[in-house]
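A.B. asks: What follows is a predicted protein model with its sequence.
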Amino acid sequence: MRIDWWTLALQTVNFAVLVWLLHRFLYKPVLRMVDARRAEVERQHADAAATEAKASAALAEIERERAGIEAERVAALKAAAAQAEESAAARRRQAEQEAAAVVEQARKSLAAERTEAVAEARRTALDLGAEIARRLLGEVPMELRTEAWIERVEQHLTGLAAADRDAIVAGLNGGDALRVVTAMELPEPIKAKWRTRLNHALRDGVAIEFNVDAALVAGVELHFPTAILRFSWRSALAAMRVEIEGHDKAH
């Protein structure tokens, strides 16, 4: 096989020219275009990264603001809940105080009404008892009733110390009469018996006159110039009323 060196040389020159042409007019522009495209892509990547960084920063800021808003919301809710609880507690305390005051006032009113009812019942019972006793006493013969009264008077007068009895009688020295007051008119025989027994219990010569006061209910009162001795039901009933009223006030 024979080699044609001129043809080989020409082909080599042609290949070299072709390579130079390709390098100059094709490869370099392609490389520049690739470099430009890569630079554009890198720039776009950088812009995207910057945008992403800005977005991340904005998102982080939004998250911080959201967290702050959430914290403020939670704090506001807690404050509102605490204020509502305090207001509810205050209203509850006020309601309890008002309810306690109402209950206490009702208790006092009931106690006062009960006390008044009991007092009225006692007064009514006292009046009723006095009326029943008066009616029953009306069925007792006058002689027996007056005998019981004069015996009580005699026992009291004879039981006094001599000085006390003399002090009572001393007021009669001026001529004043001893007034014997009864709830009903005494028959003359009974008046005469009483004069005798009273003179004996006091001293002879005492002037005695008789008066009637139906308000005594029953019994007798001795009206001396300086003192009154009461043996009537009126005084006993009055003492009982005072005792009842004192008992009711104490309770």
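C.D. replies: In hand now; what should we look at? Numbers count the residues shown, from 1 in each chain.
A.B. asks: The residue lying closest to Gly171 once chain neighbours are set aside: neighbour count?
C.D. replies: Among residues not flanking Gly171 along the chain, Pro225 sits closest, at 3.6 Å (CB to CB, 6 or more residues apart in numbering). All C-beta spots, glycine's among them, are computed from the backbone N, C-alpha and C. Residues near Pro225, counting by other CB atoms under 10 Å, number 16.
A.B. asks: And Leu178, by the same measure?
C.D. replies: Leu178 has 22 nearby residues by other CB under 10 Å.
A.B. asks: List the beta-bridge partners for it.
C.D. replies: Under DSSP bridges, the beta-bridge partners of Leu178 are Ile208.
A.B. asks: quick one: pLDDT of it?
C.D. replies: With respect to pLDDT, Leu178 scores 87.
A.B. asks: Help me confirm that it comes into contact with Phe224.
C.D. replies: Yes - counting by CB atoms under 8 Å, Leu178 touches Phe224, with 6.2 Å between them.
A.B. asks: Which strands or helices does the top helix by length along the chain pack on?
C.D. replies: For the chain, the longest helix by residue count, based on DSSP state H, is helix 28-138. Other elements packing on helix 28-138 under the criterion 3 or more CB pairs under 8 Å, 6 or more residues apart in numbering; DSSP states H and E are helix 233-250.
A.B. asks: where do the helices sit along the stretch 151-251 of the chain?
C.D. replies: All helices of the stretch 151-251 of the chain, identified by DSSP state H, counting those that start in this stretch, fall at 162-170, 188-201, 233-250.
A.B. asks: Poorly predicted segments of this structure, please.
C.D. replies: Applying pLDDT under 70 to the chain picks out residues 1-3, 26-28, 30-31, 117-142, 173-175, 204, 235-251.
A.B. asks: roughly how far apart are Phe231 and Val220?
C.D. replies: For Phe231, the distance to Val220 equals 5 Å [CB to CB, to the nearest Å].
A.B. asks: between these two, who's got more neighbours?
C.D. replies: Val220 (22 against 19).
A.B. asks: Please name the bridge partners of the more buried one.
C.D. replies: Thr182, Phe231.
A.B. asks: was I right about it contacting Ser232?
C.D. replies: Yes - if you go by CB under 8 Å, Val220 and Ser232 touch, sitting 6.3 Å apart.
A.B. asks: what touches both of those two?
C.D. replies: By CB atoms under 8 Å, 6 or more residues apart in numbering, Val220 and Ser232 have these common neighbours: Val181.
A.B. asks: nearest residue to Leu157 other than its sequence neighbours?
C.D. replies: Closest to Leu157 by CB to CB, 6+ apart is Ala201, at 4.2 Å.
A.B. asks: residue contacts, the one you found?
C.D. replies: Ala201 is in contact with Val153, Glu154, Leu157, Thr158, counting by CB under 8 Å, 6+ apart.
A.B. asks: Domain map for this structure?
C.D. replies: Domains of the chain are assigned by automatic domain parsing as 1-139, 142-250.
A.B. asks: most packed of these?
C.D. replies: Across those, averaging neighbours per residue (mean count of other CB atoms under 10 Å) puts domain 142-250 on top, at a mean of 15.
A.B. asks: roughly how far out does that one sit from the chain middle?
C.D. replies: For domain 142-250, the distance from its own C-alpha centre to the chain's C-alpha centre is 55 Å (CA atoms, centre = their mean, to the nearest Å).
A.B. asks: Pretty sure Phe210 sits against Val180.
C.D. replies: Yes - with contact defined as CB under 8 Å, Phe210 and Val180 form a contacting pair (5.1 Å).
A.B. asks: Show me whatever sits in contact with both of these two.
C.D. replies: Common neighbours of Phe210 and Val180, counting by CB under 8 Å, 6+ apart, are Trp194.
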